[in-house]
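In: from the sequence below, what's the structure:
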Amino acid sequence: MKFYNRSRFLWSIFLLCLIVQAVQLTIVGCSHTSPYYHQDIPAIGKQNIATENTLQYRILLIGDAGLPKQDEPVLQTLHSWTKKSPEKTSVVFLGDNMYPDGMTERKKHEATTRLGPQLDVIKSTDAHGLFIPGNHDWTNGKKVGYHALLAQEKYINDALTRTPQFLPQGGTPGPVMLELPKSAPVVRIVVLDTQWWLHQHEKPPASTDTVVDKLKKYLDTELPVIVVGHHPLQSYGIHGGFYDWKAHLFPCRLAHKWLFVPVPIVGSLYPLVRWYVVKSDQDLNGARYKYMVSQLNAALSTRKKSPLLIYASGHEHSLQVLEGDVTDYLLVSGLGSSEKATEVSHGDNTLFAHQHSGFMALDFLANGEVLLRVVEPTDTEVVFQHWLKK
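Out: Take a look at the predicted model:
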């Protein structure tokens, strides 16, 4: 009788766990493997508008391109967009340019296959290319990160002729300011190294107060401002705590996408432990990450004169266009390597989201308007466009 009661108790616990798991999977929902559009986005927001005749300058934003496959489709599409008006185009690579360990002594030989295809886009079109660092360029926080970063900076600077090629210089946090085009600026770019805030080993000394004060100073302009850094200030991807039902039910896919081994109940431990217990510095709820976001948002909230303020980042392996609180827009353009897509959901301020590779284009036009487009390596290419409100 005792054995029967014990078995019945264990089965009751097991069934309860299954019910909890089923409810949890219903709540977490699905990732946007098809494009998500905010309900207020009109049909024209899914089409393309030609702007070449009135284009003053174009900024192409692409992140996490450091693991390209052979004939990478994203980079091929990026090349076709770059060569349309190369003299009026800057391509900003938003970090994680060499995945996964940066340019360490042991990995230097991989530079031709990791960095080479990205550099070829710039060299073959003679557009302006700007690379900024991400966490993997700092070897994802390992002790040799600073030296790997310096090696990558030199490699990129030696490969490209149009300046600046790599910012901020020397592993410093920035911010660094440049205005484009140099002859008659229509946009100000402010570059940050956000991994500097999170890196716990050797790095150049700097005061966070100085970083914040300089950022405030660079916002004092009547030009539109794009602040670029690798880490997003807000996200509905995995670094923002979102894991879809597949991550809970098939956790082995976090190591290998093809490993569909069901591990119900236990599989939910990883996302829950990572978000609520371990709290990685690479996630938005990590202590150092939260402090960085609070400091940057405090600086960004002081903007007065600039008619348009955008913060653009990578880090998440997805595409997201969000309306901001202290900025006008938050852009996450983090999938320049087509095989690394990760889950993404949406919030009330999401205009567009997609678990897909691609990049974003910002066109600054002669009449002062600014057009944002999300470009993917598909037949239609432009999957989202939006006139940015000033």
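In: just the pLDDT for Arg8.
Out: Looking at Arg8, its pLDDT is 66.
In: do the same with Gly145
Out: At Gly145, the model reports a pLDDT of 96.
In: which non-adjacent residue is nearest it?
Out: Excluding the flanking residues, the one nearest Gly145 by CB to CB, 6 or more residues apart in numbering is Trp138, at 3.6 Å. Placement of C-beta: from N, CA and C, glycine included.
In: low pLDDT regions in this protein?
Out: Applying pLDDT under 70 to the chain flags residues 1-29, 44-47, 243-277, 390.
In: where do the strands sit along it?
Out: Here the chain has its strands, by DSSP state E, at 36-37, 55-62, 89-93, 128-131, 176-180, 187-191, 225-228, 309-313, 319-323, 329-333, 350-354, 359-365, 370-375, 382-387.
In: could you dump those strands into a markdown table with distance to Tyr289 and mean neighbour count added?
Out: A markdown table is the format used below for the strands of the chain (distance: least, CB to CB, whole Å; neighbours: other CB atoms under 10 Å):
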| stretch | distance to Tyr289 | mean neighbour count |
| --- | --- | --- |
| strand 36-37 | 25 | 21 |
| strand 55-62 | 21 | 23 |
| strand 89-93 | 21 | 26 |
| strand 128-131 | 22 | 26 |
| strand 176-180 | 22 | 18 |
| strand 187-191 | 19 | 23 |
| strand 225-228 | 17 | 26 |
| strand 309-313 | 12 | 24 |
| strand 319-323 | 17 | 25 |
| strand 329-333 | 15 | 27 |
| strand 350-354 | 20 | 23 |
| strand 359-365 | 23 | 24 |
| strand 370-375 | 25 | 23 |
| strand 382-387 | 27 | 20 |
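In: just to revisit the earlier point, list the contacts of the residue nearest to Gly145.
Out: Shown in contact with Trp138 (CB atoms under 8 Å, 6 or more residues apart in numbering): Gly102, Gly145, Tyr146, Ala148, Leu149, Gln195, His199.
In: quick one, phi psi at Ala65?
Out: Dihedral angles of Ala65 (phi, psi; degrees, to the nearest 10) stand at phi -100, psi 10.
In: shouldn't it be in contact with Phe93?
Out: Yes - because the distance of 6.1 Å satisfies CB atoms under 8 Å, Ala65 is recorded as touching Phe93.
In: can you dump the C-alpha atoms of stretch 116-128 in PDB for me?
Out: Taking C-alpha atoms only, stretch 116-128 is exported to PDB below (Å, rounded to 0.1, in the frame of the first residue of the first chain):
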ATOM      1  CA  GLY A 116      37.600  39.000 -45.000                       C
ATOM      2  CA  PRO A 117      34.100  38.800 -46.500                       C
ATOM      3  CA  GLN A 118      33.000  42.000 -44.600                       C
ATOM      4  CA  LEU A 119      36.100  43.900 -45.700                       C
ATOM      5  CA  ASP A 120      35.600  42.800 -49.300                       C
ATOM      6  CA  VAL A 121      32.200  44.500 -49.400                       C
ATOM      7  CA  ILE A 122      33.900  47.800 -48.600                       C
ATOM      8  CA  LYS A 123      37.000  47.400 -50.700                       C
ATOM      9  CA  SER A 124      35.100  46.300 -53.800                       C
ATOM     10  CA  THR A 125      32.700  49.300 -53.700                       C
ATOM     11  CA  ASP A 126      35.000  52.000 -52.200                       C
ATOM     12  CA  ALA A 127      32.300  53.000 -49.800                       C
ATOM     13  CA  HIS A 128      33.100  54.100 -46.300                       C
END
